[in-house]
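>>> Coordinates for the following, if possible.
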Amino acid sequence: MNDRHKPPSTSDSVDDGSLFTLENGGPRENSQPPGTVNLVSKLQAGQESKLTLIPQPSGHPDDPLGWPIWRKMWNFALLASMTMSIFSGLSIQHIFWSKMKKDLNVDYTVLTRVKATQLAAEAMACIAFIPFAKKYGRRPVYIVSTLLFTGATWWSAYMTTLTELFIIDIIKGFAGAVNETAVQMSIRDMFFVNQRGTANGVYLVALTMGSSLSPLAAGAQAKAFGWRSSFKTLAAIMTGITTLFCLAFEETKFVLPKTHKDEYEKDDSSNDIIIIESFSNEEKTKKKKGRYPHNMRLQLVTPTNESLLRTLVEPLQACRMPHVIVTGLLFGLGLAYVVILGSMKAIIFPEEPYNFDPRQLGLLQLGPLVGSTIAGLYGGYLSDKAIVWFAKRNEGVFEPEMRLYLLPFPAVVMAAGIAMFGITAGLGMHWILPCVGSAMTSFGFSSTADLVLTVIIDAYPDIISQSFVVIAFFRNAIGMAGVLSLTPWRKSMGTVHMFITIAVLSLVVNSFALPLVIWGKRLRARTAGRYYKMAARSD
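The predicted structure is shown next:
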């Protein structure tokens, strides 16, 4: 349950703005499922349409939804910087493989197993970390994870054995896993429905900059000074970002004070959404006398009454939500294709006929960077504008599945890009062709990921943590399987046929979104009772 509101009870309207109501334990006649909201309204006939802020801000000064735009942007910029740094650390290692296998006396098969171990650690850490982010707040989890990752990055610069490499990647996997879920929780905390696509787009661009732009610089440095120098530089940058993050990032978890909850509960029979636009003078005085400057929320923990054990097992309930399963498959398999493509670059291009050095391997990442940047506009800003237009054509009512109307184009581009990369690289064609293919793949994946992840935030806003634990587990488990199968798959089919198979699989899996477009609202209605029970237990 989102901390700002109470769970729906008999005759209550849903606090996230949806039209769904409960009566005697079940839905009222003509009710709407969670996620369906009145996004666009007209005050009077003939007037211009007006956007409704969903979810409704409480008016309390600590509520991140009510923060001024500069404050939201500052905190989100810190999140994006952390994301870029962490994914830099998770991604640059593969461009050093040709050098590391000599220094550490290992082969490519062992290095792919190290990568798979890292993904397994990420999958398990999502389950372990998120209950703490739910109970104690996002800020302490972010701080602990960045400190761990920074320490592991420093260690990477000085490791000398394969055992150390495995341990370091396990630590990085655990520390980096917070990006899989906690960032989505913060997006839900700070942004309205018509802003979340853009926020997710920025997050995914930061992710791709870390996994694509950083290898470019790291490769050039590694060629000039050795691969260890690249880890030292990243560790120094992460030390600075971690320090700034600890000092300046504010808690986005918001617990509605009891005085405000009472205001929400004054009229249980009303179907209107109540907006609290003021707070007491006593609360103002408390904030002015606070320990932190300018009302900044820098407390280390923000504890609530959730059971850690219950929060740990509740993702099993989210597995019964069709939207969550489909999103997990699309996101997990999509990222697995990207991971396989990146790993294949590290194997194919250092060999004949390319003979690329680490600097040239880094330059190959420019393609994915361009593709992901365009995707941030398509799956983010454009989707936010599109849903407003779709809602206007639907009498002002927004359905989360409306974002999926934009999915067919990136799905086709992604499949074409995967095939283009595999065919051209497998046949040893000019390097610009697989680079274009990887750019198309990155555009398709990032756009698709932005759309489907935002659908989950819109459809099930009060069980974000549970839903994204499932999605992150899918993502890392599938990615691990893809990396482990890479070498035998390539040996049995060859590079060209392997990537053609992946391209067809990509197109088929992305078509799983079609049932959500057609029956998504009906599925949300059927799972509404389960959703509200989970939300209430999380309160």
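
>>> Going along the chain, name the strands of the protein.
Counting by DSSP state E, residue ranges of the strands within the chain are 22-23, 26-27, 37-38, 40-41, 50-51, 397-398.

>>> list the contacts for residue 328?
Residue 328 sits next to 470, 471, 473, 474, 475 when contact means C-beta atoms under 8 Å, 6 or more residues apart in numbering. Yep, even glycine has a C-beta here, placed from its N, CA and C like the rest.

>>> which one of those residues is nearest residue 350?
Nearest to residue 350 among the contacts of residue 328, counting by C-beta to C-beta, is residue 475 at 27.6 Å.

>>> I figured the closest one hits residue 331, correct?
Yes. Residue 475 sits in contact with residue 331 when judged by C-beta atoms under 8 Å, with a separation of 5.5 Å.

>>> Compare the two (neighbour count), which wins?
With neighbours defined as other C-beta atoms under 10 Å, residue 475 and residue 331 compare such that residue 475 has more, 28 against 23.

>>> How about the more buried one, nearest residue that isn't a chain neighbour?
Leaving aside its sequence neighbours, residue 475 sits nearest to residue 332 (C-beta to C-beta, 6 or more residues apart in numbering; 4.2 Å).

>>> With residue 406 instead?
Spatial nearest neighbour of residue 406, chain neighbours left out: residue 383 (5.6 Å); criterion: C-beta to C-beta, 6+ apart.

>>> Also residue 382?
For residue 382, the spatially nearest residue (C-beta to C-beta, 6+ apart) is residue 406, at 7.1 Å.

>>> The one you found: what's it in contact with?
Contact partners of residue 406, counting by C-beta under 8 Å, 6+ apart, are 378, 379, 382, 383, 386, 447, 451.

>>> Now for those residues: which two are most distant?
Between any two of the contacts of residue 406, the greatest separation by C-beta to C-beta is 12.4 Å, found for 386 and 447.

>>> Give me the more crowded residue out of those two.
With other C-beta under 10 Å as the criterion, residue 386 and residue 447 differ in neighbour count, and residue 447 comes out ahead with 31 against 16.

>>> any weak-confidence spans in this protein?
Segments of the chain classed as low confidence (criterion: pLDDT under 70) are 1-30, 42-49, 180, 258-296, 538-539.

>>> can you pull out the helices in the stretch 201-350 of the chain?
In the stretch 201-350 of the chain, the helices defined using DSSP state H, counting those that start in this stretch lie at 214-225, 227-248, 258-264, 281-288, 308-313, 315-318, 322-348.

>>> any idea which of the ones you listed is most buried?
Burial of these is given as mean neighbour count (mean count of other C-beta atoms under 10 Å); helix 322-348 ranks first at a mean of 23.

>>> Determine how far that helix lies from the middle of the whole chain.
Relative to the mean C-alpha coordinate of its chain, helix 322-348 is positioned 14 Å out (C-alpha atoms, centre = their mean, to the nearest Å).

>>> need the contact list for the residue nearest to residue 421 when sequence neighbours are not counted.
Counting by C-beta to C-beta, 6+ apart, the nearest residue to residue 421 once its immediate chain neighbours are dropped is residue 437, at 3.3 Å. The contact partners of residue 437, taken as C-beta under 8 Å, 6+ apart, are 367, 417, 418, 419, 420, 421, 422, 424, 425.

>>> Kindly recompute the last result at 7 Å.
With contacts taken as C-beta atoms under 7 Å, 6 or more residues apart in numbering, residue 437 has the following neighbours: 417, 420, 421, 424.
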